[in-house]
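Peer 1: pasting a predicted model and its sequence here:
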Amino acid sequence: MMTNQDSQKGYALLYVLITIVLIGLFIPPLMNSVLSSSLQYKKTEESIQHEKLAEMGTIFFEKKVIDILEGWDLPEDWVPDNKEVWNSKSPEEKNEILNKYVLQNVRDEIERNHNSTFLETDGFKIELINIRIMQETGTINYQISTSLNRGAPRYFTKEMTIPKIDFDIGEN
């Protein structure tokens, strides 16, 4: 009778050992799955935050350019270099010439008042860098740099078309 009890104790010990081994085999992959999905969620959330910060930077910069355009007036003392040539031009050509002055004014204002870091807190930073005004195409190319929690910056390249201003020049 003693041997029957000893063999039952052996089976109980075997069940306990098998249970421990199975738990040891299945818990690490389950934990890895939970942790990697958490890491993936964190990366996705960070990417979304960078995109939202870049969008904020785009809105800020475009608003700044529009404010410059709205505030621009042709100087009252401005006269064309050659009045005869100026008067012989069509209204479209005159508008084109005046729009070049507008672009030059935008360039001057941005260079004069540009501060690359326009928003910085403890949690994030947004910078406008590499601003290039392309007069031949009437566009502004620029980069927005965003960083979260003083981490590595992420760069977004943007382009803005500068709207043409119609000066409503009649046939004078």
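Peer 2: Arrived safely, thanks for sending.

Peer 1: every contact and neighbour count from this point should use C-alpha atoms.
Peer 2: Noted.

Peer 1: centroid-nearest residue for the chain?
Peer 2: With distances taken as C-alpha atoms, centre = their mean, Ala54 lies nearest the centre of the chain, 2.2 Å away.

Peer 1: lowest-confidence helix or strand of this protein?
Peer 2: Scoring the helices and strands of the chain by mean pLDDT, DSSP states H and E places strand 117-120 at the bottom, with a mean of 74.

Peer 1: in terms of secondary structure, what does it contact?
Peer 2: If contacts are counted by 3 or more C-alpha pairs under 8 Å, 6 or more residues apart in numbering; DSSP states H and E, strand 117-120 sits against strand 124-134.

Peer 1: may I see the buried residues of whichever helix or strand comes after the strand it packs on?
Peer 2: Remark: after strand 124-134, the chain's next helix or strand is strand 139-148, criterion DSSP states H and E. Under the neighbour-count criterion of 16 or more other C-alpha atoms under 10 Å, strand 139-148 has 139-140, 142-148 buried.

Peer 1: partners of the very next helix or strand once past strand 139-148, with directions?
Peer 2: Downstream of strand 139-148, the next assigned helix or strand under DSSP H and E is strand 154-161. According to DSSP bridges, strand 154-161 forms sheet pairs with strand 139-148 (antiparallel).
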